[in-house]
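Trainee: Any chance you can model this:
(chains A and B)
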Protein chains: 2
Amino acid sequence: MSDTRQLALDYVGKKKEKYLSELKELVAIPSVSMQEEHEKDTLQAAEWLAARLTKLGMENVQLLPTGSHPVVFGESIKAGNDAPTVLVYGHYDVMPIDPLDLWDTNPYEASQKGDLLFGRGTSDMKGQIIASLAAVESIIQTSDLPINIKWLFEGEEEMGSPSMESFLPQHKDLFSADFCLNPDAGMIAADKPTITYGLRGLAYFDVYVWGPNQDLHSGLYGGVVHNPAQALIELLAGMHDEDGVITLPGFYDSVQRISAEEHADMEKLPMDEAFFKAQTGVSVLWGEPDYLPVERVGARPTLEVNGIISGYTEEGSKTVLPAKAMAKLSCRLVPDQDPHEVHEQLLKYMRAKAPKTIRWELKLINASPPAITNLDTPAIQAMSKAMQSIWGVKPLYRREGGSIPIVSFLKDSINANSILCGFGLPEDNIHSPNERLYLPTWYKGIDSLIHFFYNIM
Amino acid sequence: MSDTRQLALDYVGKKKEKYLSELKELVAIPSVSMQEEHEKDTLQAAEWLAARLTKLGMENVQLLPTGSHPVVFGESIKAGNDAPTVLVYGHYDVMPIDPLDLWDTNPYEASQKGDLLFGRGTSDMKGQIIASLAAVESIIQTSDLPINIKWLFEGEEEMGSPSMESFLPQHKDLFSADFCLNPDAGMIAADKPTITYGLRGLAYFDVYVWGPNQDLHSGLYGGVVHNPAQALIELLAGMHDEDGVITLPGFYDSVQRISAEEHADMEKLPMDEAFFKAQTGVSVLWGEPDYLPVERVGARPTLEVNGIISGYTEEGSKTVLPAKAMAKLSCRLVPDQDPHEVHEQLLKYMRAKAPKTIRWELKLINASPPAITNLDTPAIQAMSKAMQSIWGVKPLYRREGGSIPIVSFLKDSINANSILCGFGLPEDNIHSPNERLYLPTWYKGIDSLIHFFYNIM
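Mentor: From the prediction side, this is the model:
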């Protein structure tokens, strides 16, 4: 191991408390991008990061406007043309915190309990941002940066990155890099470093059904007016058959088959039925019986009801026939599905199935294509070696069920592949109450990033 | 026409403003029985009525405790044993006002616009209570009451009268009467006085479905965990077949067939497809194709989703796999269905259909049997004659789709039939935003009640 590398590792070893306290500062900013009431907070998180990049010694630090929340940029390109250029990605926005009553601590006041740090964004992904900053700062403070580095922090990932598809092509030169380091994907377990090579895409919809002019008395009109809640429920129920197979016309046509080799690899992952039961608390799993659980979340598409509301939902027996009903539904997509094609399929389904007794509207509010990365790229090999140095074992390679739209957009705009890693764990409750970060893994993650930056020289 | 009768009619003709202002006072008390925050308001409405009965000259005025909101009682039994005793029924509670943003006026500040008075309870049924009080007061102020009269104002009708079934048998002597006047049923149109001889019953349920321990990330777990919203939706959707027929086992077994004679009568009612479309704003009606619309709301049972909620329902694309889902559903029942039998049928359905991948619970929160009254009773004839005196036409007889539990409970406890009438109109938006009362019909209603009390002597 080179001396400079060890100097950086020693440096960060002494600064754990400092980086933990920086993470707490960032968590305290409620940057919920999808809620208008948090617009100023979201901007404040961007400004906090711009100041942090300046303090780190980055140049050309700026907030770039998008159609939505700004992108934070900064760079250090003093390593010269022969050194590789890494674009480090992060998103400074977080998910809404509701239902708040299920949190045991204040979601915006990071609270440490033993090895766990609780708070919104601790794992997804303010913790990962601070880890990247800590790794680069440790190198800069103890030596010269051996590579060129650029930073891209977006503020709309939790909204599905609606501006990024048009934003990136307008700033190709600024963001040009050999590849992107994206630590927004987690690990399978604390002792199992993980590299994610596949991501599911997303097509997210709002669907509205309208019936009578206004809420009606269910006694006076029940039996002659189609209840919009019932109509919506029947439409949604018809989107799966009795085996859990999605019925939208053509939905599976472009789904890539899982090869025998990949199936064999997936079977070896420590993510069996027992794993998913333990993670979720359910006693019986659900889904396509012909596929492994890990295939169902990584390599098979889904259609999910994310929310539904209609009528009276408080205490008591209000006998209302509601005037309208609304649901939020989304499909997780796999190669080679296209979210806009799925939108068309859903429109076709609705046109064929929606009864004349109601009016309806379908809105695509979020679209992100699926992605797969080649395992042979030098950057993935550098990360694999870095993880081995810290954990002593080879990383696991997996396809992840989540969607990271920026991965496709970076590939399309600046032709950069993304190295998907991250130091969060499945039990971190991301997007849920009591989100948390397991600190021992987080510290190891910082060390492995230091190795990574040296490995790719 | 007797002189005394005319004196009473003349008296009320001069006091229109007084009774209107009393109605406004009562509407201003937000007596929403099913919401705990309005518990004091609901009591205040009871106290207001007790004071009003005292002012009217009633004796033995009292608030009787129930398991829920109190019953207001008062009587005048000076007409002697040979005169008939009428129990006048009313409910002083009202439905919740949500969604408040759809009201054009303050629901608790009755606002007159031309012939219409807007406000919660104006039609259902504070207006009908004031009409009864006005009719009796007009007689008392101008002559002697020719009959014995008792008052029963309950405060839990909009909750389904949960205490009345056990309350009434405990107070048989106090409430004993020859029959009950219940003006909680409306008119078909302003020029069509109406007597309701059939009511649907009600069985109202809360149904809960639970899945994972907490809300999950739909990307990480979608495909292996049964989404409780989807499970609930599939269960609810299966409760009707494609023709709108209810699939609960045995649901129709005890439903009385509609006789050819009754079918012919119903066909003559001015409640055709166009009527229901105009009332509700829908362009196509729904329901069992083999039955008239008026049969479907009056003489056929229904199963209705009154409310449903699960997951994320705000703006944006939160990709959550919800931990739980809840729906409120209710059946309108017809003779000889029994709400407790329907509860058993729904339990059977859930036990047979609910998948092992979720947990569920079903709660019966409101039960009321259906009712039918004989048209030949003298009291119905007295009302028919009274309506003819005022409107110049014979009243229409109909079966109504709503449920009035007190009707069955009075029959069972004190063997009193109910004369179901009322001076509200289908377009009054009862249970909905912008509830209103059409004043010309209301004033005619008061006059017809004066005739009624004289007719039954």
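
Trainee: Which strand or helix spans residue A:197?
Mentor: In the assignment (DSSP states H and E), residue A:197 maps to strand A:194-199.

Trainee: now the next helix or strand after that strand: how far from the chain's centre is it?
Mentor: Moving toward the C-terminus from strand A:194-199, the next helix or strand (DSSP H and E) is strand A:201-210. The chain centroid and the centroid of strand A:201-210 are separated by 19 Å, computed with CA atoms, centre = their mean, to the nearest Å.

Trainee: Note down every partner strand of strand A:201-210 and its orientation.
Mentor: Strand A:201-210 sits in its sheet next to strand A:324-333 (antiparallel), strand A:359-368 (antiparallel), going by DSSP bridges.

Trainee: show me where the stretch 51-200 of chain A has strands.
Mentor: Assigned by DSSP state E, counting those that start in this stretch, the strands in the stretch 51-200 of chain A fall at A:59-64, A:71-76, A:85-91, A:111-113, A:116-118, A:148-154, A:179-182, A:194-199.

Trainee: Include mean neighbour count when you put the strands paired with strand A:201-210 into CSV, please.
Mentor: Just so you know, the C-beta spots here come from the backbone N, C-alpha and C atoms, and that holds for glycine as well. Shown next, in CSV, are the strands paired with strand A:201-210 (neighbours: other CB atoms under 10 Å in any protein chain shown):
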stretch, mean neighbour count
strand A:324-333, 25
strand A:359-368, 18
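
Trainee: returning to what we had before: what about the strand holding residue A:197, average pLDDT?
Mentor: The pLDDT scores in strand A:194-199 average 90.

Trainee: circling back to that earlier point, of the strands paired with strand A:201-210, which approaches residue A:135 most closely?
Mentor: strand A:359-368 (27.6 Å; CB to CB).

Trainee: Same list (the strands of the stretch 51-200 of chain A) but as JSON lines, adding mean neighbour count and distance to residue B:248.
Mentor: What follows is those, written out as JSON lines (neighbours: other CB atoms under 10 Å in any protein chain shown; distance: least, CB to CB, whole Å):
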{"stretch": "strand A:59-64", "mean neighbour count": "15", "distance to residue B:248": "59"}
{"stretch": "strand A:71-76", "mean neighbour count": "23", "distance to residue B:248": "56"}
{"stretch": "strand A:85-91", "mean neighbour count": "25", "distance to residue B:248": "49"}
{"stretch": "strand A:111-113", "mean neighbour count": "14", "distance to residue B:248": "49"}
{"stretch": "strand A:116-118", "mean neighbour count": "21", "distance to residue B:248": "46"}
{"stretch": "strand A:148-154", "mean neighbour count": "25", "distance to residue B:248": "51"}
{"stretch": "strand A:179-182", "mean neighbour count": "24", "distance to residue B:248": "52"}
{"stretch": "strand A:194-199", "mean neighbour count": "24", "distance to residue B:248": "44"}
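
Trainee: Make JSON lines out of the strands paired with strand A:201-210 and add distance to residue B:143 and mean pLDDT.
Mentor: Output for the strands paired with strand A:201-210, formatted as JSON lines (distance: least, CB to CB, whole Å; pLDDT from 0 to 100):
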{"stretch": "strand A:324-333", "distance to residue B:143": "53", "mean pLDDT": "97"}
{"stretch": "strand A:359-368", "distance to residue B:143": "57", "mean pLDDT": "94"}
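
Trainee: how distant is the strand holding residue A:197 from the center of its chain?
Mentor: 12 Å.

Trainee: Name all residues that make contact with the residue nearest to residue A:361 when sequence neighbours are not counted.
Mentor: Nearest non-adjacent residue to residue A:361, counting by CB to CB, 6 or more residues apart in numbering or on different chains: residue A:208, 4.7 Å away. Residues near residue A:208 by CB atoms under 8 Å, 6 or more residues apart in numbering or on different chains: A:324, A:325, A:326, A:360, A:361, A:362, A:363.

Trainee: With residue A:223 instead?
Mentor: The contact partners of residue A:223, taken as CB under 8 Å, 6+ apart, are B:287, B:288, B:293, B:296, B:297, B:300, B:302, B:332, B:401.

Trainee: Any figure for the gap between it and residue B:296?
Mentor: According to CB to CB, to the nearest Å, residue A:223 and residue B:296 sit 4 Å apart.

Trainee: list residues touching both of these two?
Mentor: Any residue near both residue A:223 and residue B:296 by CB under 8 Å, 6+ apart counts here, and that gives B:287, B:288, B:302.

Trainee: Which SSE is immediately downstream of the one helix or strand in chain A whose mean pLDDT sits lowest?
Mentor: Within chain A, no helix or strand scores below strand A:371-372, which has a mean of 83 by mean pLDDT, DSSP states H and E. Sequence order places helix A:378-391 as the next helix or strand after strand A:371-372, per DSSP H and E.

Trainee: I'd like the next helix or strand past that next one.
Mentor: Next element after helix A:378-391 (DSSP H and E): strand A:396-400.

Trainee: any idea how chain A splits into domains?
Mentor: Structurally, chain A divides into domains by automatic domain parsing as follows: A:3-199+A:370-455, A:201-255+A:301-368.

Trainee: quick revisit: can you pick the most crowded of the shared contacts of residue A:223 and residue B:296?
Mentor: Within the shared contacts of residue A:223 and residue B:296, most neighbours by other CB atoms under 10 Å in any protein chain shown means residue B:302, with 26 neighbours.

Trainee: Dump the strands of the stretch 51-200 of chain A into a markdown table; add distance to chain B as well.
Mentor: A markdown table is the format used below for the strands of the stretch 51-200 of chain A (distance: least, CB to the nearest CB, whole Å):
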| stretch | distance to chain B |
| --- | --- |
| strand A:59-64 | 22 |
| strand A:71-76 | 19 |
| strand A:85-91 | 14 |
| strand A:111-113 | 18 |
| strand A:116-118 | 14 |
| strand A:148-154 | 15 |
| strand A:179-182 | 15 |
| strand A:194-199 | 8 |
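
Trainee: Out of those strands, which gets the lowest mean score?
Mentor: Here the lowest mean pLDDT among the strands of the stretch 51-200 of chain A goes to strand A:194-199, at a mean of 90.

Trainee: Next to chain B, which bits of the stretch 351-457 of chain A? Give me the list.
Mentor: Counting by CB under 8 Å from any CB of the partner chain, the residues of the stretch 351-457 of chain A close to chain B are A:355-357, A:365-366, A:400-403, A:426, A:429-434.
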